[in-house]
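Asker: Provided below are the primary sequence and the corresponding predicted coordinates.
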There are 4 protein chains.
Amino acid sequence: MAPELDVTEWLNGEPAPLSSLRGKVVMVEAFQMLCPGCVSHGIPQAQKVHQMTDPDQLAVVGLHTVFEHHSVMGRDALEVFISEYRLGFPVGIDRHIPDDPIPVTMRRYRLQGTPSILLIDRQGRLRYSGFGSGEDLNLGMTLGQLLAEDDNTN
Amino acid sequence: MAPELDVTEWLNGEPAPLSSLRGKVVMVEAFQMLCPGCVSHGIPQAQKVHQMTDPDQLAVVGLHTVFEHHSVMGRDALEVFISEYRLGFPVGIDRHIPDDPIPVTMRRYRLQGTPSILLIDRQGRLRYSGFGSGEDLNLGMTLGQLLAEDDNTN
Amino acid sequence: MAPELDVTEWLNGEPAPLSSLRGKVVMVEAFQMLCPGCVSHGIPQAQKVHQMTDPDQLAVVGLHTVFEHHSVMGRDALEVFISEYRLGFPVGIDRHIPDDPIPVTMRRYRLQGTPSILLIDRQGRLRYSGFGSGEDLNLGMTLGQLLAEDDNTN
Amino acid sequence: MAPELDVTEWLNGEPAPLSSLRGKVVMVEAFQMLCPGCVSHGIPQAQKVHQMTDPDQLAVVGLHTVFEHHSVMGRDALEVFISEYRLGFPVGIDRHIPDDPIPVTMRRYRLQGTPSILLIDRQGRLRYSGFGSGEDLNLGMTLGQLLAEDDNTN
C-alpha cells in the first residue's frame, strides 16, 4: 500500500490525503518550485493530466518536497508560485523534522529528486514511482491501464 | 467488428491485415505522404507509439489512403517516403477502384481526411476512429485502457 | 560574386534569378521535397523569414536541388508540395544534365546536401553557404547584418 | 540616450552598468524570477543570445524588476534562481524606493511588465524597448543590424 503523504498544510483547495482518494487513480507530482525540470516539464505535465481527465476517476496532487534552499521556497513563496502558474490541483507541503533537510514523505518514498511521479491505483497501492517526467505517451499508457482496473481488482 | 483493411500491397515488412493481429491492440495510422499534418504530427506520433510499445501487445500499421494528387503519391513515391522517414511499421496501400478518388478502406471507415487514427481492441472491435492526431497523453490513455483488457473481455 | 542559379523552370510566382534581385539581400533555401530535415526545419524557417521580412529588402527563394530519387520528386510532385505546404516564395528547379544525378547549381555552389542555405548580399556577393538549418537566432543576426549594409558598400 | 540602470546590487559577475558597456551592443532582459513568461521564454532567449554571441561585441544583462510579490523575490531567492537556472550573465536588482511597488529603472523605461527587452546600441542609445519576448528570428535581425553599426555612426 502507498504510505500516506505527510503534509503540514494543503494549499490550493481541499486537503487531499491519499486516504480520501481511495477508489480513484492518483498521480502525485513531487516538485520544488525553483527546480527548472519541475517548472518546464513536471508541472506542465501534471497540469495537462489534471485538465484532460475526469476528476472523479483520477486525482492529481502536488507535493512540495523541498530538500534544498529551504529559506526561499517556504509557504509564502509556494503560494505565489501556485497562483502565477495557475495550478489547478491541491498542493501539500511535505513535512520537515528538525535537522533533516529532506522532508518526511520524500524519505518515506525514497524519491531521488525532483520532479518525481507517484502513481497509486484505485485500491491505494503504489504502482509506479519514478524520477523525472517521462514522455506523455508513456505516462498516458500507464494511467490508462490503471483507470481500466476495477476498484476491487485482485 | 472492425472491417478488414482493403490493401493492394503491403510495404515495409510482412503483410499486416487485421485478421492476422487478433489478440493485439492495433493502431492504424491513415495518412498521405504529402499531407503536412501527417508528416509533422501523425507519422511521428505513430513512430513513437511503435518504438515505445511491445510489438507482441500492440501493432502499429500505416495505411496510405490517397484521396487527392494520386499521380504523385503512388507506390514508388511512398517507398521513398517510408525509407527517408525510416518508418518502422508496415504500410498498406489502400485500394482504389475505377472512377472513385477515395480509396476503399477510407470509405469503409468513413474517414474525414488525413491523418486519421483507428484503434482496434484485442478482439478485433473498432474502439476509436478520429480525424487528426490528438495529444500524446490522450492517445496513451486510450491505448493503456485497451492494453489492460483481456483477449476475451465480454 | 554569387553565380547565377541555373534553373529549368520557376514555380509559384515570377522567375527570381539572382540577377533580378540585385539591391536586396537574398536567402536561397536549397531543398528536396522528400528530405525530412528540409520539411521539418529548412522549409518552415524559410517560410518564417519570408513572412517576417520586407520583400523589398529581402528575397527568399527556394531551389529544388534533387540529387536522389529523381523519379518521384519531379515537377508535378513539387507543385503539389508547394501547394500543400503553402509556400509563399518562388521555387526554381535546379537543372539536370545527362548522366549526372547532382544538378548544376548544386554542383556550382558545392552544396553538401539538403537543406542548405545561401545568403547573398545586396551587391550580389555570396556571403554565407551552409548545410543544414541553424538556429533562428543565428540566421536572424546574419540577415540583420546584411540588411544593414548599403547597396554600394565597398 | 538610454538612461542608466539604477541597481542596488549586481549578482552573478562584475557590475555591468550601461556606462561600462559603451562600444558594445547591449541586450537588457528585464524579468521577475516567478513570472512564467520570463522563465519559459525571456530567460532562455537571453541565455541563448549570451551563449551564441561574442561578449566583446554584445553584452547581455539581466535586470530583476520586481513589481509584485516582493517578499518572496528578494536577493536570496534571486541568487538561488540564478544558480538553478545557470544564468551566464550578470543580473542587477532594480532599486526600490519607499511606498512605490514599481522599481526605479522599470519606471524610468516605462516597462509594461515582465519579461521586457531593451536594446541599446554601441553609442549608448536606446533603440528598442518591448514587452514580451518575440521570435528569435526577429530579435536576431535587430541584433544583427545593431552589431553592423560602427561605434561612431552618426
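Answerer: Good, I have the coordinates. Numbers count the residues shown, from 1 in each chain, chains lettered A, B, ... in the order given.

Asker: what's the helix or strand where A:Thr105 lies packed up against?
Answerer: Following DSSP states H and E, one finds A:Thr105 within helix A:104-108. Packed against helix A:104-108 by the contact rule (3 or more C-beta pairs under 8 Å, 6 or more residues apart in numbering or on different chains; DSSP states H and E) you find strand A:91-94. C-betas here are computed from N, CA, C, even on glycine.

Asker: what's the strand it packs on packed up against?
Answerer: Secondary elements touching strand A:91-94 (3+ C-beta pairs under 8 Å, 6+ apart): strand A:7-11, strand A:58-64, helix A:75-84, helix A:104-108.

Asker: adjacent strands (with direction) for it?
Answerer: Sheet pairing of strand A:91-94 (DSSP bridges) gives strand A:7-11 (antiparallel), strand A:58-64 (parallel).

Asker: out of those strands, nearest to C:Arg86?
Answerer: Nearest of the strands paired with strand A:91-94 to C:Arg86, taken as C-beta to C-beta: strand A:58-64 at 39.0 Å.

Asker: orientation of that closest one relative to helix A:75-84 in degrees?
Answerer: Interaxial angle of strand A:58-64 relative to helix A:75-84 (axes from the mean of the first three to the mean of the last three C-alpha atoms, to 10 degrees): 140 degrees.

Asker: how far off centre is strand A:58-64?
Answerer: Remark: strand A:58-64 is offset 4 Å from the chain centroid, using C-alpha atoms, centre = their mean, to the nearest Å.

Asker: repeat for stretch A:117-133
Answerer: 9 Å.

Asker: for it, measure first residue to last.
Answerer: End-to-end distance for stretch A:117-133: 7 Å, by C-alpha to C-alpha, to the nearest Å.

Asker: rewinding a little: show me what counts as buried in the helix holding A:Thr105.
Answerer: By neighbour count with 16 or more other C-beta atoms under 10 Å in any protein chain shown, helix A:104-108 contains the buried residues A:104-106.

Asker: related to what we said a few turns ago, of the helices and strands packed on strand A:91-94, flag the one that's most buried.
Answerer: Highest mean neighbour count of those: strand A:58-64, a mean of 25 (counted as mean count of other C-beta atoms under 10 Å in any protein chain shown).

Asker: residues contacting A:Asp150?
Answerer: Contacts for A:Asp150 (C-beta atoms under 8 Å, 6 or more residues apart in numbering or on different chains) come out as A:Arg122.

Asker: near chain D, which residues of chain A show up?
Answerer: Neighbours of chain D within chain A, by C-beta under 8 Å from any C-beta of the partner chain: A:34-36, A:39-40, A:69, A:71-72, A:74, A:76-77, A:80-81, A:84-85.

Asker: return the member of those residues nearest to C:Thr53.
Answerer: Nearest to C:Thr53, judged by C-beta to C-beta, of these is A:Ser40 at 30.6 Å.

Asker: wait, a strand at the closest one?
Answerer: No - A:Ser40 is assigned helix when assessed by DSSP: H, G, I helix; E, B strand; the rest coil, not a strand.

Asker: please list all residues in contact with it.
Answerer: Contacts for A:Ser40 (C-beta under 8 Å, 6+ apart) come out as D:39-40.

Asker: how about the helix or strand encompassing A:Gly130, does it get close to chain B?
Answerer: For A:Gly130, the element it lies in under DSSP H and E is strand A:126-131. No - if you take C-beta under 8 Å from any C-beta as the test, strand A:126-131 misses chain B, and the best it gets is 12.0 Å.

Asker: from the contact counts, what lies against the helix of greatest length in chain A?
Answerer: Criterion DSSP state H: the longest helix present in chain A is helix A:136-148. Applying 3+ C-beta pairs under 8 Å, 6+ apart, one finds that helix A:136-148 contacts strand A:25-31, helix A:43-52, strand A:116-120, strand A:126-131, helix B:43-52, helix B:136-148.

Asker: can you dump the C-alpha atoms of that helix in PDB for me?
Answerer: Extracted in PDB, the C-alpha atoms of helix A:136-148 (Å, rounded to 0.1, in the frame of the first residue of the first chain):
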ATOM      1  CA  ASP A 136       3.400  12.000 -22.200                       C
ATOM      2  CA  LEU A 137       2.700   8.900 -24.200                       C
ATOM      3  CA  ASN A 138       4.200   6.500 -21.600                       C
ATOM      4  CA  LEU A 139       2.500   8.300 -18.700                       C
ATOM      5  CA  GLY A 140      -0.800   8.200 -20.600                       C
ATOM      6  CA  MET A 141      -0.500   4.400 -21.200                       C
ATOM      7  CA  THR A 142       0.200   3.700 -17.500                       C
ATOM      8  CA  LEU A 143      -2.700   6.000 -16.400                       C
ATOM      9  CA  GLY A 144      -5.000   4.300 -18.900                       C
ATOM     10  CA  GLN A 145      -4.100   0.900 -17.600                       C
ATOM     11  CA  LEU A 146      -4.700   1.900 -14.000                       C
ATOM     12  CA  LEU A 147      -8.000   3.600 -15.000                       C
ATOM     13  CA  ALA A 148      -9.200   0.400 -16.600                       C
END
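
Asker: residues in contact with the residue nearest to A:Gly140 when sequence neighbours are not counted?
Answerer: Closest residue in space to A:Gly140, ignoring its immediate chain neighbours: B:Gly140 at 2.1 Å, by C-beta to C-beta, 6 or more residues apart in numbering or on different chains. Listed by C-beta under 8 Å, 6+ apart, the contact set of B:Gly140 reads A:136-144.
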